[in-house]
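1. My questions concern the predicted model and sequence given below.
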Amino acid sequence: MSEVDRSVGPVTDRLFATQRQLEDFRFDAAVARVFPDMIRRSVPGYTTIIPMIEVITEQYAQPGSNCYDLGCSLGASTLAMRHGIAFDTCSLVGVDNSEAMVERCEHYIALDDHPLPVSLRCEDIQETELTNASVITLNFTLQFVPPEQRSSLLRKIATATLPGGALILSEKIRFDSEDEQAIQTRLHHEFKRANGYSDLEISQKRSAIEQVLIPETLDAHKQRLKDAGFDRVLVWYQCFNFVSMLAIKAD
Ligand code: GEK
């Protein structure tokens, strides 16, 4: 029997179903194993955002350029980008610092029969060298980078982005208005309940993730993207407290 469980079929997320000791959430092997089910049932709009990443990539990918998926997990957004890139002269790179994710991601990439090669790197996205980029995706990854390190990462991304290129940035956000924060949080939890998570699962996951996933306001994101060097920033998708933005470098 192999030491590592490489099964990639649908596995139900029950990680927080029984009372457990409070520990910070980590992208370890147990999470990687249930990840497709976990993210689909936890992130409102995820199943819409993934196919739209293909559509957006198709619009912004340029021949002879590099495309990057930063925080690629099991490669859902990487594969969407792969299918959106119309040029065999592009190179596509997926990066994640979780070994368990990258190992499974290789498997998912191999199952997909698109001819464009994908190179996967297991490293911190803050260390990744970015050049000549037409499309960069941060699909629910920036929220895990310590807030004080986000500006320099976005400056690096904007500097590497070609004129006419774009960053797709999806994030969980928070709201300045306490009232709106409460309403949107309740709706998010209702979404999780409707997807079969119990109150115990919702509250244990929330406690595990609150020191690790730090949401910011939409205004803070927009301002920082502009300060980093993007010319245009727009929201192309929002469902409750989950948003996806497009940051564009002018031609
Ligand atoms: C998807 N984009 O399916 N460097 C590299 N990877 C990181 C870092 C870092 N500093 N911080 C976090 N990660 C994917 C979903 S999940 C979102 C992205 C979520 C990685 C981390 O290991 C995890 O795989 C991913 O970012 C975040 O479209 O779980 O809410």
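-> Cool, the structure landed.
2. What about the closest residue to Ser91 other than its chain neighbours, how many residues nearby?
-> In space, and not counting its chain neighbours, Ser91 is closest to Asn66: 5.1 Å by C-beta to C-beta, 6 or more residues apart in numbering. Bear in mind the C-beta positions are built from the backbone N, C-alpha and C, glycine included. Asn66: 21 surrounding residues under other C-beta atoms under 10 Å.
3. For Lys156, grab the count of nearby residues.
-> So Lys156, with other C-beta under 10 Å, has 17 neighbours.
4. Tell me which residues touch the residue nearest to Ser91, please.
-> With contacts defined as C-beta atoms under 8 Å, 6 or more residues apart in numbering, the neighbours of Asn66 are 90-93, 130-134.
5. Recalculate using a threshold of 7 Å.
-> For Asn66, the contacting residues are 91, 93, 131-133, by C-beta atoms under 7 Å, 6 or more residues apart in numbering.
6. now, which of those lie within strands?
-> By the criterion of DSSP state E, membership of the contacts of Asn66 in strands covers 91, 93, 133.
7. which of the contacts of Asn66 has the most neighbours?
-> Going by other C-beta under 10 Å, Ala133 tops the contacts of Asn66 with 24 neighbours.
8. so how far is Ser198 from that residue?
-> According to C-beta to C-beta, to the nearest Å, Ala133 and Ser198 sit 42 Å apart.
9. Count the neighbours of whichever residue of the stretch 1-150 of the chain sits closest to the ligand for me.
-> Proximity of the stretch 1-150 of the chain to the ligand (C-beta to the nearest ligand atom) peaks at Gly71, 3.0 Å away. For Gly71, the count of nearby residues is 22 (other C-beta under 10 Å).
10. wait, Cys72 sits on Tyr108?
-> No: counting by C-beta atoms under 7 Å, Cys72 stays clear of Tyr108, with 9.9 Å between them.
11. Which residue of the two possesses the greater neighbour count?
-> Cys72 (29 against 18).
12. which residues touch that one?
-> Contacts of Cys72 (C-beta under 7 Å, 6+ apart): 78, 94-96, 105.
13. tell me which element Thr222 is part of?
-> Careful, residue 222 is Lys; it's not Thr. When elements are assigned from DSSP states H and E, Lys222 belongs to helix 218-228.
14. With just CA atoms, put that helix into CSV.
-> Output in CSV follows, covering the C-alpha atoms of helix 218-228 (Å, rounded to 0.1, in the frame of the first residue of the first chain):
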residue,chain,number,x,y,z
LEU,A,218,-13.0,46.4,-0.7
ASP,A,219,-11.8,50.0,-0.5
ALA,A,220,-8.5,48.9,1.0
HIS,A,221,-8.0,46.4,-1.8
LYS,A,222,-8.9,48.8,-4.5
GLN,A,223,-6.6,51.5,-3.1
ARG,A,224,-3.7,49.2,-2.7
LEU,A,225,-4.0,47.8,-6.2
LYS,A,226,-3.9,51.3,-7.6
ASP,A,227,-0.9,52.2,-5.4
ALA,A,228,0.8,49.1,-6.6
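15. List of residues touching that helix?
-> With contacts defined as C-beta under 7 Å, 6+ apart, helix 218-228 is touched by 150-151, 154-155, 158, 169, 171, 173, 233, 243, 245, 247.
16. switch the cut-off to 8 Å
-> With C-beta under 8 Å, 6+ apart, helix 218-228 has contacts from 150-151, 154-155, 157-158, 167, 169, 171, 173, 176, 233, 235, 243, 245, 247.
17. Narrow those residues to those in strands?
-> Using DSSP E, those in strands are 167, 169, 171, 233, 235, 243, 245, 247.
18. Let me know the secondary structure of whichever residue of the stretch 151-251 of the chain sits closest to the ligand.
-> Taking C-beta to the nearest ligand atom, the ligand has its nearest neighbour within the stretch 151-251 of the chain at Leu213, 6.9 Å off. Following DSSP: H, G, I helix; E, B strand; the rest coil, Leu213 is assigned to coil.
19. Thank you kindly, that will do.
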